[in-house]
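Q: Below: sequence and its predicted model.
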Amino acid sequence: MASSDKELSALRSNIKEKGEFSYYYAHKNSSHDLKDAKIFQGPGIVTGGQPTLLHKDDKSGQISSEPQTIPIKKYSWSDCGDSIEIYLSLQDLSDLVPSKAPLEISGKPSLEVTRNTVSLEVSTEGYKLIFKITNLSNPIDTQLSRVKVSAKRITAICFKEDPELRWSSLCRPML
């Protein structure tokens with residue numbers, strides 16, 4: 001206890017000696033009575049007590065059953081004579097999904113084609129990956145197109161309406 005009194009007296013003597021310029025000036029008030037204390041309250045001031053609800057989101061308790069849709073933008077393609085092939089790397093697709101788990105495709109990817117559009121949908125756990133090109137440079141056969149899944153990639157095989165025509169680009173230039 002003597003040590004505490006000595007420290008207390010050193011604190012008080014420093015305050016007495018240096019006044020408001022004392023290092024310990026903030027400890028000047030020895031009264032712990034709250035009747036003399038200034039109590040600040042209001043918005044943005046933390047005073048303790050129960051937390052205040054700032055915002056309530058209507059969807060907070062509901063988990064969406066719909067899978068999150070993610071667009072696929074990385075692909076490659078080639079002109080294979082009678083058909084064009086569009087390649088989607090499974091590694092690139094797994095990089096799109098936020099989870100670090102390996103990509104597991106649920107079922108077979110669905111391929112929809114029109115004469116100038118290719119759309120491919122890949123379903124995974126909680127995510128729907130969508131690839132779509134709407135301005136193909138030449139028409140394709142809507143009946144013969146198919147999708148193939150291998151160990152490292154998904155291939156959309158789209159047969160040309162005119163097999164003799166060589167494609168120099170997959171899409172028409174946007175004007």
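A: Structure received. Residues are numbered from 1 along each chain as shown.
Q: element containing Leu93?
A: Using DSSP states H and E, Leu93 falls within helix 90-96.
Q: Following the chain past that helix, name the next helix or strand.
A: strand 110-113.
Q: List of residues touching that following strand?
A: 118-121, 140, 142, 145-147, 156, 158 (CB atoms under 8 Å, 6 or more residues apart in numbering). Every C-beta, even on glycine, is put in place using the N, C-alpha and C of the backbone.
Q: Please tell me how far stretch 76-89 is from the chain's geometric centre.
A: 30 Å (CA atoms, centre = their mean, to the nearest Å).
Q: again, but for stretch 91-106
A: That offset, for stretch 91-106, works out to 14 Å (CA atoms, centre = their mean).
Q: In it, which of the residues would be classed as buried?
A: Buried residues in stretch 91-106, counted by 16 or more other CB atoms under 10 Å: 92-94, 96-97, 103.
Q: thinking again about what came up before, what are the C-alpha coordinates of the helix holding Leu93, in CSV please?
A: Output of helix 90-96 as CSV, limited to C-alpha atoms (Å, rounded to 0.1, in the frame of the first residue of the first chain):
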residue,chain,number,x,y,z
LEU,A,90,-12.4,-26.1,-66.2
GLN,A,91,-9.5,-24.4,-64.4
ASP,A,92,-10.8,-21.0,-65.6
LEU,A,93,-14.3,-21.9,-64.5
SER,A,94,-13.1,-22.9,-61.0
ASP,A,95,-11.3,-19.6,-60.7
LEU,A,96,-14.7,-17.8,-61.2
